[in-house]
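Peer 1: From the sequence below, what's the structure:
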Amino acid sequence: MALEFVGIDPETTGGGSPTVWVEDETADLVLQGEEADKLLKAQVSGTEWVAGHDTGIPAHETVIRIPARMVPILREACDVAERRAGFR
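Peer 2: Numbers count the residues shown, from 1 in each chain. As a prediction, the model looks like this:
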């Protein structure tokens, strides 16, 4: 699996940072970020966001937090993913 690096938290100081990649073959976004705290996870898992959809966070998924200052990087990653997937 090859990843295209798109960007890292511009305020990073080392020791791990929110980062965004696009997977070459699938065009999936791959995100590294701070794992959500218990309160945020409880809110996400306890709310029926879509009527009739299961609540909870499946064991194979997690909730992460990406800083708002990374919105431009996420937009760029979406553009890269769209091009790679042939949407444009």
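Peer 1: Strands of the chain, start to end?
Peer 2: 3-8, 19-23, 29-32, 34-35, 64-65 (DSSP state E).
Peer 1: So in that sheet, which strands flank the longest one, and in what orientation?
Peer 2: Strands flanking strand 3-8 in the sheet, each with its direction: strand 19-23 (antiparallel) (DSSP bridges).
Peer 1: Spit out the contact partners of the residue nearest the centre of the chain.
Peer 2: Residue closest to the mean C-alpha point of the chain, counted by CA atoms, centre = their mean, is residue 31 at 4.0 Å. Residues near residue 31 by CB atoms under 8 Å, 6 or more residues apart in numbering: 18, 19, 20, 21, 64, 66. In this view, the C-beta of every residue, glycine as well, is placed from N, C-alpha and C.
Peer 1: thought the fifth one was touching residue 33?
Peer 2: If I follow you right, that is residue 64. Yes. Here residue 64 reaches residue 33: they are 3.8 Å apart, a contact under CB atoms under 8 Å.
Peer 1: When those two are compared, which one has more neighbours?
Peer 2: residue 33 (18 against 12; other CB atoms under 10 Å).
Peer 1: out of the contacts of residue 31, who has the most neighbours?
Peer 2: residue 20 (24 neighbours).
Peer 1: Report the contact partners of it.
Peer 2: Contacts of residue 20 by CB under 8 Å, 6+ apart are 6, 7, 8, 29, 30, 31, 32, 66, 70, 73, 74, 77.
Peer 1: State the distance from it to residue 43.
Peer 2: Distance, residue 20 to residue 43, by CB to CB, to the nearest Å: 24 Å.
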